[in-house]
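Enquirer: Here is my input, please return the structure:
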Amino acid sequence: MVVENKNMISNRVIISGGTDGIGLATARLLLGKGYKVFICGRSQNKLNNALSDLKCINVDMVDGVSCDVSDFMSASSMIAEAKSFMGGVDILINNAGIGLVASLDDLSPDEWNSMINTNLTGVFNCCKVAIDDLKKSKNANIINLGSRAGRYAFAGGIAYCATKAGLKGFSEALFLDLSKYGIGVSLVAPGSVATGWADVEEKDYFLHPDDVAKVIVDILSSNFRANVNWVELRPRIKKK
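Expert: Below is the predicted model:
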């Protein structure tokens with residue numbers, strides 16, 4: 001059953017990378033709370049499957065398109081479609097990202113550029129295109145999905161860690177730029193999440209996408225005057 005909050009001020013959400021993992025879990029949770037949701041992802045097949053899933057929750061409140069956020073024109077077209085569907089944008093959740101574990105010796109220039117362009121430039125592109133609509137919102141928020149790897153590097157993470165460290169600085173500076181407009185900016189930095197990231201073998205103590213999705217929704221329910229700048233999540237091992 002969908003529970004809609006009639007007092008919700010701003011409920012039109014774009015989620016990049018919304019076709020699986022954290023993005024899809026967040027879309028499910030927000031739809032169940034009465035938000036209007038627009039998702040995107042690079043794979044048309046994944047997008048179709050995700051929309052079929054989400055429309056079972058509320059067929060009228062969700063849509064999406066395929067998009068490569070690393071390409072400015074693709075991001076622009078996606079956000080135009082989102083505005084057409086929702087009538088505007090109140091919340092931008094930058095979740096799209098890719099990862100590869102490789103040392104400097106093994107990492108190719110193309111692989112480096114691909115991660116930088118998606119994980120960092122893709123966030124810039126979406127923010128740049130959406131900013132005029134966010135300024136019009138009464139309670140606008142941007143939530144960027146970072147990683148603990150942005151503060152704690154790991155071997156083989158030379159590109160991935162660089163993107164997430166960069167995203168941390170980007171998010172903090174963005175908040176300072178946009179605070180005069182009353183736009184919230186938050187960075188959510190989880191540890192290992194069971195999403196199949198970079199083909200890393202999942203462990204039973206990994207966080208789940210739903211864990212991160214709940215934190216995102218909690219941020220959106222915060223009092224307007226309280227901006228959540230940074231949230232870091234670590235798995236808590238259950239006693240046997």
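Enquirer: Name the residues linked to the closest residue to Gln44 other than its chain neighbours by a beta bridge.
Expert: Leaving aside its sequence neighbours, Gln44 sits nearest to Ser66 (Cβ to Cβ, 6 or more residues apart in numbering; 4.7 Å). To be clear about C-beta, it is placed using only N, CA and C from the backbone, and glycine gets the same treatment. Per DSSP bridges, residues listed as beta-bridge partners of Ser66: Gly41.
Enquirer: ok, now how distant is the residue positioned nearest the centre of the chain from Asp106?
Expert: The residue lying closest to the centre of the chain (Cα atoms, centre = their mean) is Asn95, at 2.2 Å. Plainly put, Asn95 is 27 Å away from Asp106 if you go by Cβ to Cβ, to the nearest Å.
Enquirer: where in the chain is pLDDT low?
Expert: For the chain, the stretches flagged by pLDDT under 70 are 1-10, 193-205, 239-240.
Enquirer: Ends of stretch 98-116, what's the gap?
Expert: In stretch 98-116, first residue to last residue: 9 Å (Cα to Cα, to the nearest Å).
Enquirer: wait, is Ile142 part of a strand?
Expert: Yes. Assessed with DSSP: H, G, I helix; E, B strand; the rest coil, Ile142 lies in a strand.
Enquirer: burial measure for it, as a count.
Expert: Neighbour count for Ile142, taken as other Cβ atoms under 10 Å: 24.
Enquirer: repeat for Arg42
Expert: Neighbours of Arg42 (other Cβ under 10 Å): 18.
Enquirer: Please confirm that Gly64 is located within a helix.
Expert: No. Counting by three-state DSSP, Gly64 is not found in a helix; it is strand.
Enquirer: Who are the contact partners of the residue nearest to it when sequence neighbours are not counted?
Expert: Excluding the flanking residues, the one nearest Gly64 by Cβ to Cβ, 6+ apart is Ile39, at 3.9 Å. For Ile39, the contacting residues are 14-16, 18-19, 23-24, 27, 47, 50-51, 54, 62-64, by Cβ atoms under 8 Å, 6 or more residues apart in numbering.
Enquirer: How is Ile14 assigned, secondary-structure-wise?
Expert: Applying three-state DSSP: Ile14 is strand.
Enquirer: is it true that it touches Ile91?
Expert: Yes. Counting by Cβ atoms under 8 Å, Ile14 touches Ile91, with 7.1 Å between them.
Enquirer: Please say which of the two ends up with more neighbours.
Expert: Ile14 (29 against 26).
Enquirer: May I have the beta-bridge partners of the more buried one?
Expert: Counting by DSSP bridges, Ile14 forms beta bridges with Phe38, Leu92.
Enquirer: which ones are touching it?
Expert: Ile14 makes contacts with 38-40, 78-79, 82, 89, 91-93, 126, 130, as judged by Cβ under 8 Å, 6+ apart.
Enquirer: Over to Asp210?
Expert: Asp210 is in contact with 25, 29, counting by Cβ under 8 Å, 6+ apart.
Enquirer: mind running it again at 7 Å?
Expert: Shown in contact with Asp210 (Cβ atoms under 7 Å, 6 or more residues apart in numbering): Ala25.
Enquirer: Which strand or helix spans it?
Expert: Asp210 belongs to helix 209-220 when assigned by DSSP states H and E.
Enquirer: chain center to that helix, what's the gap?
Expert: Relative to the chain's own centre, helix 209-220 is displaced by 11 Å; criterion: Cα atoms, centre = their mean, to the nearest Å.
Enquirer: Restricting to C-alpha, output that helix in CSV.
Expert: C-alpha atoms of helix 209-220 as CSV (Å, rounded to 0.1, in the frame of the first residue of the first chain):
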residue,chain,number,x,y,z
PRO,A,209,21.1,-1.3,-0.7
ASP,A,210,18.1,-0.9,1.6
ASP,A,211,20.4,0.2,4.4
VAL,A,212,21.7,3.1,2.3
ALA,A,213,18.3,3.9,0.9
LYS,A,214,16.9,4.4,4.4
VAL,A,215,19.7,6.9,5.2
ILE,A,216,18.9,8.9,2.0
VAL,A,217,15.2,9.1,2.9
ASP,A,218,16.1,10.1,6.5
ILE,A,219,18.2,13.0,5.1
LEU,A,220,15.2,14.1,3.0
